[in-house]
Structure formats: structure tokens, C-alpha cells
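Student: Show me the folded form of this:
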Amino acid sequence: MNRGGLKVQLLSGLFGIKNRAAAILPRLRLVWQTPPTAIYAIGDVHGSLTLFEQLESEIDSDARQYDSAATIVLGDLLDRGPSSAQLLDYLLLERGHRHPRYCLIGNHEALFLEFFADPSLKADWLDVGGLDTLASYGIS
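Tutor: Just a heads-up that it's a prediction; the model follows:
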């Protein structure tokens, strides 16, 4: 499998998408048997790894006041920022994260997946930050 295909497969796995049809179906709801003590929702990360790492550090500091681990919910990870590729690599690492993370598929991820399923749809994704994501992979 080529590197681009592998990244799409990993990204699909990050969002719990098993096939292209699942990308356009209604998403599952987050349901906990026991809700987390603290939930930090971060929208519009947009390819900003450095800012996300800083925010994650602030969450660590803030979450120390709770007895259990905080939960982080993320959305719109890709596009616009300089480091979408690096952010995805960071989130996909199989190491122990300080807090459980849930990645929600946003419109940028949906357009990204649609683009790789059918590149003729490129205009939509490229116009909302896809060029920045491609640049983060070294593609001009």
C-alpha cells in the first residue's frame, strides 16, 4: 500500500470509519457507562500541533484537581495549520496518552476522506485548507 493510502486508512481508523460509506452515515454518539469526571472539548485544532501540545499541557495542569483522568474530545484536526501530518502522527502514536482521546469527524476530515476516495472532488477540500495539509506532507 502506498504511503498516502496508509495515511487514509489510519485516519479512517482514528475516526472509526471502516469504509467510505460509513464516512457519510450519521455518526455514533459518545456514551459512557460512568461519565468522565472532566471532559475537555477542543474544536478546530486545524493542523496546529504546537498549539495542541500547549493546550494538552494546560489540560494536564487543570486535570490534576480531579481524581480520575480527564477525557479529551477533538474535532476538525486537519487543514489550515502548518502541521496536519505531524498532528495526525502524534495522535496516532500507540503510546500511552495522558488522557483518553476521542476524535470526532469534522467537515475537514469528511472532505479529506472524500478527496482520497474521489480526487475529482479536489476543489472542495483544497479550498478549505487542503493545500496546507498537503504541504505538511511535503506535497506541493
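Student: ok, how many other residues are close to Ala69?
Tutor: Neighbourhood size, Ala69 [other Cβ atoms under 10 Å]: 14. Yep, even glycine has a C-beta here, placed from its N, CA and C like the rest.
Student: Double-check that it belongs to a helix.
Tutor: No: judged by DSSP: H, G, I helix; E, B strand; the rest coil, Ala69 forms no part of a helix; its state is coil.
Student: residues touching it, list them.
Tutor: Ala69 makes contacts with 36, 63, 98-100, as judged by Cβ atoms under 8 Å, 6 or more residues apart in numbering.
Student: Could you do Tyr66 as well?
Tutor: 37-38.
Student: Pro100 contacts Leu74, correct?
Tutor: No: checked against Cβ atoms under 8 Å, the pair Pro100 and Leu74 is beyond contact range at 11.3 Å.
Student: Tell me which of the two has more neighbours.
Tutor: Taking neighbours as other Cβ under 10 Å, Pro100 and Leu74 compare with Leu74 leading, 20 against 13.
Student: Show me what the helix or strand Leu51 falls within is packed up against.
Tutor: Under the criterion of DSSP states H and E, Leu51 resides in helix 49-63. Where contact means 3 or more Cβ pairs under 8 Å, 6 or more residues apart in numbering; DSSP states H and E, helix 49-63 is packed against strand 39-42, helix 84-92.
Student: what's the most distant pair in the contacts of Ala69?
Tutor: Pro36 and Arg98 (13.3 Å; Cβ to Cβ).
Student: All set now, cheers.
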